[in-house]
Structure formats: structure tokens, C-alpha cells
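Student: turn this into a structure:
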Amino acid sequence: MPLPACKLFAVSILLSIGGAFQFGYQLLITNPAQSAFEHFTNTSKDAGPLDKNTVKDYWGIVVALFFLGTAIGSLLIHFLSHKLGRHRAIQFSLILQAIGCILSIVSYYISSLYVYAFGRTLLGFALSVTLGISSMYISEISPSHCRGIVSLSSGLLLQVGILFGSIVAMPQLLGTTTSWPHLYSIELVMCLFTVIALCFFADSPITLVSRGHRDKAIEAIQGYHGISKTEAEQVVGQLIRQHEASFSVQKVQPMKDPHNKKGAFLGIFVMFIMIMSGIAIINAYAFEIFIQTGMSPLTASYANMAVCAMSVIGILVSGLFIERFGRRSLLLITFTLLAAINIAIYFTMYFFDKDRMLWVGICLIVSICAFNLVFAIGPGPISLFLTAELVDDNARGTASSYAYFVMGLVRTILLATYPKWSSLVGSAAAYISLFLIPLVLGVIILFFNLPETKGRSFEEVKKAYGKLPGKKSKAAEEELAELSAER
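Tutor: Numbers count the residues shown, from 1 in each chain. Modelled structure (predicted):
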């Protein structure tokens, strides 16, 4: 397996700490610390005191606001990445993340749910921008032979962030009514560290080329690819030719290119199926599900940590396979397995709700662990960078904006509506009705439409569309018709 240069590895880890790690961390800290946050909601001067059901409704809305922020932030990925450049745009979004953390801390001391809600929305907004532009940046600075393994750093650190959040937000640690502000202090320190550390790394070579900084682009390629100056000059020369050809054809409307349209749609579709696999609900309610099986809060916390640990194991397994088998195969296999696991989750949920038998509850926990393992091997990390590989340089910002907008919007709708839907039809019926059909349809659609992007340029990806199942025969028929016409 080809390994990345030290500088490329360092900046990919740094960007993942500032973006993916903190996104995963935010996904989980409100889960084990839910009781502490609900207490804050009930005692804040803006909302409380409230009855138990109203507190849960208020808190559910506040949780969903984070993903509303990610949806809004995604709309600015294209604008900020082109206006400021990849490097400065990431630093700008990290500063906004730091402000969001400060507001969350301040809200505790002034007892204001509204300030906390605004800070959480701002965090979602900024993290969406950081994630979207970071995936573009990492894709652009990585050589094609190790682009997949480098891009996995985001998926790995996201899962590590989830695991870390499940530990520090335990009621026995910082998930208490008086200690939860420290959860945001940790995040604030990481934001400021990343902003400062990024000052020592070069911008994306594509950004530098587009702004006429050829010498800086050569220097950046040397560092990130670990090659000689002569080799870097050849890479930059190729980037300049690609940029000029792409710009001359597409001008300021890159999404008019049919292959960019198709690539953007496929990236968005994979992101949609990833969210509709059930991961949003498992992330948000796993701790509560464990409590319902009769576990104590401490035991439920340990079970939640075990589930998150499976995600870290899954992403490490993905690192072994992603450059060997490619994105297409991993997605098709893991989406199929997730559909089967969701059926198992449905039956264990159904029988546990009916009989409350301990062994059924244990089977439910095992099913959730299996879900997280398989999710982290395939759609979890791949969905974060696949869109950037399916479109050309000029369309990358717009396509990433669309993909992250869909992620934020769908998560917001799910978290805002799932509790009500679950109370109406039951938890098992609610889960299977939402999270099985999208996976089945997704596998079918992707089998016939998703090309392999592993180690390929955009031009090579365009040619790969013609080699998909159902299109090989069509291409052969066209070739045979041409030969017949020549005769």
C-alpha cells in the first residue's frame, strides 16, 4: 500500500482534528450527557420550568439545530473556498467554530437556552464549511495513488471523535449538570490549535495555480507529494493545462457539464443513502436505547463506548480495503450488509418492546455494534470525499456544497420528526419504515450508475461510466454498428 509523504499525512490529520473529529465529537456529547442538558433546558431563564415531555421536545429541537446549521453552512462552501482559497476558508470556519464553543460555555453561566441554541447552530454552520472544504483540500493535495488512504484520515478522526465524545460526556465524567461546559472548552482548545498550526502549511496547489502563483504551487506539490522539484514542475504543468482547459470550456458555470452533473448527483445520492441508513438515529439515541433495555446509566455508558469503539475498528479495516477494492465495491457490499443488519435491528426492537427479555436486548446491542462496524468500513468515510472525486476542479466546491447541504437537511428533518413518528407507530416500525427501503434502492441504483474512482483522474472517471453494468453491452452494440457501417 503506497504511503503518503510526512507533510501530507500531518496536514490531513490536522484538518481532521479541526473538522471531522469535532463533528463526530458533537454528534455524541449530547447523547450520554442528555440528562444534564435537559436539566439545563428546564432551569434556563428562557424556557424553564417545564414538564418532562416539553423538556424533551425543546431539547430535541436544540439538537436538530446543529444539523440545520450544517445545512446552511454547506451553501457557502463553494463561495468561501473560491473567495478566500481553501486554506484561509478553513481557518475562517475554525474561528467561527471557536466562537460557537464560547457561546455554548457562556450560555451556562447566564442560564440562557437561546444563547446555547445559537452557539450550537453556529457550530453546525462552521463545521459543515470546515468538513466540506477540508475534503476538497485533502483531495487536491494528495497524489492519486494514495488519495483514498489519505482521505480516510477524516473518517478515522470522525469515529475517534465519536468514541472520545462518548467517554468524556459520560455522567461519571463531564456529562453532569455542572461540568458540561468543559465539553466545549476541550473543543475550543482544538479549534485554536488547528488555526495556528495551519499557518505552517501551504494552500492547495489548485488554488495557487488558479491565482497565478506557479512557484508556490511547485513548492506545495514538492512538500505534499514528497517528490523532486523537476517532478513537481511536471505535476503543476499538468494542473495548469487542466485548469485552463476546464475554465475555457465551463467558464463560471462548471455544473453545466453533464459529467459534473452526474458526478454531483451520485455524490449527493451516496450522502443521502448514508444518512438514511439509520446512523443519525443510532448516534442520537443509542444511549437511550440501552437504558430502555434495563441497563444502569453507567453500564449504558460502557455499552455506548463499545458501539463507538466498533466504529474505530471499522474505519481501520476500511483503511486496509479502500485502495485494494475501491470505493464502488465497498459501498455496494456495506450498503447491502447494512440493509440486512437493519432487518435484525427491527426484529430485536420489536420483540424487546413486546417481551422485555434480557437476551433480546443483548441481541439488539450486538446488532447496533455490527451496524456501526459495517458503516465505518464503507459509507461513513467514503461519503465524505467521494463527491470530490466524481467532479472536476471547478465543480468541486459547488458539488460538495450540495452534498453537505443534503446531509445537514436530512439529519435535521430526521431528528426533529423521528421521536413523534416513533411514538405514533412504535420504535421498531418507525426504524424499519425509514431505513430499509433507501438502502435497497441505493444498492440497485449505485450498481448501475456509480463508477470506480480509485486512483483515477476526472477524465478517467468519465470513461469509467461506459464500463458500468448495462452500459458495456450498449457500447459494444454501438461499436458493432460502426463496424457494420464501415463495411
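
Student: could you pull up the mean pLDDT of stretch 85-98?
Tutor: The pLDDT scores in stretch 85-98 average 91.

Student: now swap in stretch 444-460 and tell me
Tutor: Rounded mean pLDDT across stretch 444-460 is 86.

Student: just the C-alphas of the helix or strand containing Y25, formatted as PDB.
Tutor: In this assignment (DSSP states H and E), Y25 forms part of helix 22-29. Output of helix 22-29 as PDB, limited to C-alpha atoms (Å, rounded to 0.1, in the frame of the first residue of the first chain):
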ATOM      1  CA  GLN A  22     -15.100  17.800  16.200                       C
ATOM      2  CA  PHE A  23     -18.100  16.800  14.000                       C
ATOM      3  CA  GLY A  24     -18.000  13.300  15.500                       C
ATOM      4  CA  TYR A  25     -17.500  14.700  18.900                       C
ATOM      5  CA  GLN A  26     -20.600  17.000  18.500                       C
ATOM      6  CA  LEU A  27     -22.600  14.100  17.300                       C
ATOM      7  CA  LEU A  28     -22.100  12.200  20.600                       C
ATOM      8  CA  ILE A  29     -21.700  14.500  23.500                       C
END
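
Student: how much distance is there from that helix to the middle of the chain?
Tutor: 11 Å (Cα atoms, centre = their mean, to the nearest Å).

Student: which other helices and strands does the following helix or strand past it contact?
Tutor: Helices and strands here follow DSSP H and E; after helix 22-29, the next one along the chain is helix 34-43. Secondary-structure packing of helix 34-43 (3 or more Cβ pairs under 8 Å, 6 or more residues apart in numbering; DSSP states H and E): helix 52-74, helix 113-141. The way it works is simple: take the backbone N, C-alpha and C, and place the C-beta from them, glycine included.

Student: could I get those as a markdown table with mean neighbour count, mean pLDDT and distance to A464?
Tutor: As requested, those are exported to a markdown table (neighbours: other Cβ atoms under 10 Å; pLDDT from 0 to 100; distance: least, Cβ to Cβ, whole Å):
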| stretch | mean neighbour count | mean pLDDT | distance to A464 |
| --- | --- | --- | --- |
| helix 52-74 | 20 | 83 | 27 |
| helix 113-141 | 26 | 89 | 17 |
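
Student: could I get those helices as TSV with distance to L384?
Tutor: Formatted as TSV, those follow (distance: least, Cβ to Cβ, whole Å):
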stretch	distance to L384
helix 52-74	13
helix 113-141	5
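
Student: F21 is nearest to which of these?
Tutor: Among the helices and strands packed on helix 34-43, the nearest to F21 by Cβ to Cβ is helix 113-141 (10.2 Å).

Student: residue ranges in the stretch 101-250 of the chain under the pLDDT threshold?
Tutor: 144-148, 151, 242-250 (pLDDT under 70).

Student: quick one, strands of it?
Tutor: Assignment of strands within the stretch 101-250 of the chain using DSSP state E, counting those that start in this stretch yields no ranges at all.

Student: give me the buried positions along stretch 435-448.
Tutor: Neighbour counts using 16 or more other Cβ atoms under 10 Å place F435, L436, P438, L439, G442, V443, L446, F447 of stretch 435-448 among the buried residues.

Student: of all these, which comes closest to C308?
Tutor: Among those, and counting by Cβ to Cβ, the member closest to C308 is F435, at 19.4 Å.

Student: could you point out which element follows whichever helix in the chain runs longest?
Tutor: In terms of residue count, the longest helix belonging to the chain (DSSP state H) is helix 297-355. Using DSSP H and E, the helix or strand that follows helix 297-355 in sequence is helix 358-377.

Student: separation between the spatially most central residue of the chain and M271?
Tutor: Central residue check for the chain by Cα atoms, centre = their mean: the C-alpha nearest the mean position is that of L384, 4.7 Å away. Relative to M271, L384 is positioned 9 Å away (Cβ to Cβ, to the nearest Å).

Student: which one of the helices and strands packed on helix 34-43 lies closest to V410?
Tutor: helix 52-74 (8.3 Å).

Student: buried residues, whichever helix or strand comes after the closest one. List them.
Tutor: Downstream of helix 52-74, the next assigned helix or strand under DSSP H and E is helix 77-83. Neighbour counts using 16+ other Cβ under 10 Å place I77, H78, L80, S81, H82 of helix 77-83 among the buried residues.

Student: my read: the first one touches T130, true?
Tutor: Going back to what we said before, that points to I77. No. Taking contacts as Cβ atoms under 8 Å, I77 lies outside contact range of T130: 9.6 Å.

Student: helix, strand or coil: sort out M295 for me.
Tutor: coil (DSSP: H, G, I helix; E, B strand; the rest coil).

Student: leaving out chain neighbours, which residue sits closest to it?
Tutor: A303 (6.4 Å; Cβ to Cβ, 6 or more residues apart in numbering).

Student: for T121, see how far away the one you found is.
Tutor: 30 Å.

Student: cool, thanks, signing off.
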